[in-house]
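Asks: just the structure for this:
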Amino acid sequence: MSVVADALGVARLGAAAVLPAALGESMHGTRPWLPLALAGVAIATDFVDGPLARRAGVPSRHGALLDNLADIAFVVAASATGARLGLVPWLAPAAMAIAFVTYVVASAGDGARAGWRPARSRAGHAAGVCNYALAVGVALAATIPQPALRALVAVAGLAVAALNLAAVLARLVGRPHAAVTLR
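Replies: Residues are numbered from 1 along each chain as shown. As a prediction, the model looks like this:
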């Protein structure tokens, strides 16, 4: 089962690799369904891979790392391409990347304890969910050329950036493994 969970993470990485071209083509009327299909693949694989590995009793450090890398690759691919296409501000992918780096640093620990321990937080989890929502918004805005939708996605990009930066601030100020840890 861990092989299946890992394969789902690799599929999400593949979706992230294909997404920028698919978004660009969608803006020009070619294969408008593809960005939404890729977002669906990313969301479905993210939803299933962790529970599948845990149910099989074989969650692993490399699986958790693959999951996190696949998540950030997909949402940054979506938001950076969205920024390049003028759909969201560049602050959105930048804030996501900064939040991910602080998550990795906090998860790696302070040297006193060995190994990787995910530094989960409510703010970080909320930012992660909203990162995926923004990816879907970018896919929609690239597919449906409506000014109101594009304006909404641009504002959502600012809100997602603020949420990611709030997660960074909470991680820097607070204790990442304290009471805010998700269960």
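Asks: quick one: Gly124 and Gly174 touch, right?
Replies: No: judged on C-beta atoms under 8 Å, Gly124 makes no contact with Gly174 at a distance of 10.9 Å. The C-beta positions use only the backbone N, C-alpha and C, and glycine is treated the same way.
Asks: neighbour count winner among those two?
Replies: More crowded of Gly124 and Gly174, by other C-beta atoms under 10 Å: Gly124, with 26 against 14.
Asks: so how far is Leu85 from that one?
Replies: With distances taken as C-beta to C-beta, to the nearest Å, Gly124 is found 27 Å from Leu85.
Asks: got it, and Phe100?
Replies: With distances taken as C-beta to C-beta, Phe100 is found 22 Å from Leu85.
Asks: with Leu23 instead?
Replies: Per C-beta to C-beta, Leu23 is found 6 Å from Leu85.
Asks: need the overlap of contacts for the two.
Replies: Residues touching both Leu23 and Leu85 by C-beta atoms under 8 Å, 6 or more residues apart in numbering: Ala142.
Asks: of the two, which one has the most company?
Replies: Taking other C-beta under 10 Å, Leu23 and Leu85 do not tie; Leu23 has more neighbours (25 against 17).
Asks: wait, isn't that one in contact with Gly137?
Replies: No: judged on C-beta under 8 Å, Leu23 makes no contact with Gly137 at a distance of 11.7 Å.
Asks: which residue packs closest to Asn131, ignoring adjacent ones?
Replies: The shortest distance from Asn131 to any non-neighbouring residue, by C-beta to C-beta, 6 or more residues apart in numbering, is to Val75 (3.9 Å).
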